[in-house]
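A.B. asks: Quick check, what structure comes out for this input:
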Amino acid sequence: DYRPTEVGIYFGEAGRTTADPYFGGEGPARTGCTWCGACMTGCRVGAKNSLDKNYLYLAMKRGAKILAEHKVVDVRPVGAADGSDGYDVTVKPSLKWWGGRRRTYRVRGVVFAGGVMGTVPLLMKLRERSLPRLSAQVGNHIRTNNETLISVTTLTRQFDFSKGVAIGSILHTDAHSHLEVVRYGAGSGFWRLSHVPHAAGPNLWVRLWRMLRELVRDPIGWLRLYTVDDWARRTVVLLFMQTLDSTLRFRKTLFGGVNTDVRTGNPPSADIPESTELTRRFARIVKGKPTAFFQQPFMGKAATAHILGGAVIGRSADEGVIDTAHRVFGYRHMWVVDGSAVSANPGVNPSLTITAMAERAMSLVPEKATAFQD
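C.D. replies: Got it, this is the predicted structure:
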């Protein structure tokens, strides 16, 4: 089953800026997609439906203040331990290695929406300090969409892969597996420094042998690949995703970061035979070679563009971090509203799933003119 994707892009007249086409004049002016392929690295013309073109834009018109380049380092209840009297939220500049003035804001409620890699590590730290009532499930039930990311670079000038939207089609290979072809805009060549020849195998030594064998078989071809004129024009990423369930757990490292270990099921694998076979077929068609992020062959770890979970929905604090309304167990006026709440592998790009869950959660919050309700 092969079909075009449904994407969040304004397809007006290419390059022409028009008045807000979506929100009855409340939103910003938009420019029609020019098919430059730069959706992943940042739309250059204003066609992509990014947050600054919808939710954040509309929120700022209604008085919301965006404190850019800052990160939250503490959330502490004021008065009552359950947060019913409010919270002190402390932030600091995020782009300074040291120093930087910390600021504390007193708020009535808190919504965590920093994505899995922002929200979950923060909640893990806060559970040990200022939010001890948080569920012990924080950091558990991490999912990766069971993905592999393998690039294919053509060695001919016959193809220019950079033109189009970032993901323009999807192939449903079976009931639980899906393949998308991902492009980057011309000039996005930094990726090549993180790629090595793709080599699948059950252990490091097998993968190293297969990688070395590839290099020895065609050293000129691999030299041409790494010196290609424009990596993005000659390369696509094949994104393979599955709904099959497996979960990881975040654990703190010695230096305060996070690592993962297996929670349930088989660990996400960098070696999925179906993905490898589809990649080989595509490489033959475009006269190219497959590469992968270095951690896949060297560490046996899968890369993912869609990390999910870590603060999932449960019937109680014994099962999850939040309830079905995204309210945090153990605290009042506190929500988790991002990919951390997703409790299963959707098997496809999860942005609309996250959006739908977020809109539902916010629809259950009383309007500002009324009191908070739990």
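
A.B. asks: What residues does Lys287 make contact with?
C.D. replies: 154-156, 158 (C-beta atoms under 8 Å, 6 or more residues apart in numbering). Quick note: C-beta positions are derived from backbone N, CA and C, even for glycine.

A.B. asks: Kindly report the same for Gly164.
C.D. replies: Shown in contact with Gly164 (C-beta under 8 Å, 6+ apart): 35, 37, 183.

A.B. asks: where's the first one relative to Ala283, distance?
C.D. replies: From Trp35 across to Ala283, the span is 24 Å (C-beta to C-beta, to the nearest Å).

A.B. asks: Give me the residues contacting the helix or strand encompassing Thr173.
C.D. replies: When elements are assigned from DSSP states H and E, Thr173 belongs to strand 167-174. With C-beta under 8 Å, 6+ apart as the test, strand 167-174 has contacts from 1-5, 7, 39, 178-183, 239, 274, 278, 348-349.

A.B. asks: can you check stretch 136-143 too?
C.D. replies: With C-beta under 8 Å, 6+ apart, stretch 136-143 has contacts from 116, 120, 123-124, 127, 245-251, 258, 260, 263, 307-312, 314, 317-321, 342-345.

A.B. asks: Tell me the buried residues within the residues you listed.
C.D. replies: 116, 120, 123-124, 127, 246-250, 258, 260, 263, 307-312, 314, 317, 320-321, 342-345 (16 or more other C-beta atoms under 10 Å).

A.B. asks: picking that back up, which of the contacts of Gly164 count as buried?
C.D. replies: 35, 37, 183.

A.B. asks: Which ones among these lie within helices?
C.D. replies: Using DSSP state H, no member of these falls within helices.

A.B. asks: OK, contacts around the closest residue to Val138 other than its chain neighbours?
C.D. replies: Closest residue to Val138 in three dimensions, ignoring its sequence neighbours and counting by C-beta to C-beta, 6 or more residues apart in numbering: Leu123, at 4.8 Å. Applying C-beta under 8 Å, 6+ apart to Leu123 gives the contacts 112, 131, 134, 138-139, 310-311, 321, 336.

A.B. asks: for Pro297, same thing?
C.D. replies: 196-199, 201, 207-208, 211, 270.

A.B. asks: And the buried ones among those residues, selectable in PyMOL?
C.D. replies: Selection of buried members from those for PyMOL, criterion 16+ other C-beta under 10 Å:
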select buried, resi 196+197+198+199+201+207+211+270
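
A.B. asks: Check which helix or strand Ser135 maps to.
C.D. replies: Going by DSSP H and E, Ser135 is not in any helix or strand.

A.B. asks: contacting residues around Val342?
C.D. replies: 143, 308-309, 312, 350, 353-354, 357.

A.B. asks: From the residues you listed, which one has the minimum pLDDT?
C.D. replies: In this model, the minimum pLDDT among the contacts of Val342 belongs to Arg143 (87).

A.B. asks: give me the beta-bridge partners of that residue?
C.D. replies: Leu308 (DSSP bridges).

A.B. asks: now it: how far from Thr353?
C.D. replies: Separation of Arg143 from Thr353 (C-beta to C-beta) stands at 12 Å.

A.B. asks: Do I have it right that Ala199 meets Arg207?
C.D. replies: Yes. Using C-beta atoms under 8 Å, Ala199 is in contact with Arg207, at 4.5 Å.

A.B. asks: Kindly reformat the buried ones among the contacts of Gly164 as TSV and extend each row with distance to Phe190 and pLDDT.
C.D. replies: Shown next, in TSV, are the buried ones among the contacts of Gly164 (distance: C-beta to C-beta, whole Å; pLDDT from 0 to 100):
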residue	distance to Phe190	pLDDT
Trp35	22	96
Gly37	15	95
Arg183	15	95
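
A.B. asks: Would you state the strands of the stretch 1-150 of the chain in chain order?
C.D. replies: For the stretch 1-150 of the chain, the strands defined by DSSP state E, counting those that start in this stretch occupy 2-4, 17-18, 30-31, 70-77, 87-93, 103-107, 110-112, 148-154.
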